[in-house]
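S.K.: Requesting a structural model of the entry that follows:
(one chain, ligands or ions: 1)
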Amino acid sequence: MIVYTESLSGITEDQLSGFFVGWVKVPPRAVHLKVLENSSHVILAKDSETGQVVGFINALSDAVMTAYIPMLEVLPDYQSQGIGTELMKRMLAKLGNLYMIDLLCDADLQPFYGRFGMQKTTGMMIRTMHE
Ligand SMILES: CC(C)(COP(=O)(O)OP(=O)(O)OC[C@H]1O[C@@H](n2cnc3c(N)ncnc32)[C@H](O)[C@@H]1OP(=O)(O)O)[C@@H](O)C(=O)NCCC(=O)NCCS
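M.R.: Just a heads-up that it's a prediction; the model follows:
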C-alpha cells in the first residue's frame, strides 16, 4: 500500500534509493535528504510494505505570494499508478492560494501539469553541475 506523509521524521538515506533517474550526475542520497529537509514543504509517497520512499515532491515557498516546485519524481516501478498525480494534488492543496506557483518541465510533461490548472510559460535558468 502507498502511504503519503509530510514528515521526514525517521527517514534515512537508505530509504531514498533509486531517484534522479537519467541524471548525468546523480546527487548522493545525503544531498537528497538535505534538499528535503531544507524545503518549505515535502510530501513523500512510501511503500508501507518495504518502508522505501517511492515518490516525492518538494516546494520552496515564501508563504505569501510565491512558491516553486523544484522536484517531483516517482520511482520507475511505481509510475503510472496515480502517485505523481496524488503528490501534485496534495502539494497544491498545501501551498494554497498563492499568486504564483511555478515549476519547470520538459514539453512532454506539459499535458500532465496542465491537468492541475497549470499554464505553459517561458522562463530562464542557470544550471551548475557541482563536483
Ligand atoms: C512525471 C512523474 C512524476 C509522474 O508520476 P506518475 O506516478 O507516473 O504519475 P501518474 O500515475 O499520476 O500519471 C501518469 C501519467 O502522467 C503522464 N506522464 C508521465 N510521464 C510522462 C512523460 N515523460 N511524458 C508525457 N506524459 C507523462 C502520462 O499521461 C501518464 O499516464 P500513463 O501512465 O497512462 O502513461 C513520473 O513519471 C516521473 O517521476 N518521471 C521522471 C521524473 C520527472 O520527469 N519528473 C518531473 C520533473 S518536472
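S.K.: Contact residues of this protein facing the ligand?
M.R.: 72-74, 79-85, 105, 108-109, 112 (C-beta under 6 Å from any ligand atom). Yep, even glycine has a C-beta here, placed from its N, CA and C like the rest.
S.K.: Find the helix or strand that whatever residue of the chain ends up closest to the ligand is a member of.
M.R.: In the chain, the residue that lies nearest the ligand is Gly84 (2.3 Å; C-beta to the nearest ligand atom). Under the criterion DSSP states H and E, the helix or strand holding Gly84 is helix 83-95.
S.K.: List the buried residues of stretch 12-28.
M.R.: Neighbour-count burial for stretch 12-28, counted by 16 or more other C-beta atoms under 10 Å, picks out Gln15, Leu16, Phe19, Phe20.
S.K.: Kindly report the same for stretch 118-131.
M.R.: Buried, per 16+ other C-beta under 10 Å, within stretch 118-131: Met118.
S.K.: I'd like the average pLDDT over that stretch.
M.R.: Across stretch 118-131, the average pLDDT comes to 89.
S.K.: do stretch 15-23 as well
M.R.: Stretch 15-23 comes out at a mean pLDDT of 97.
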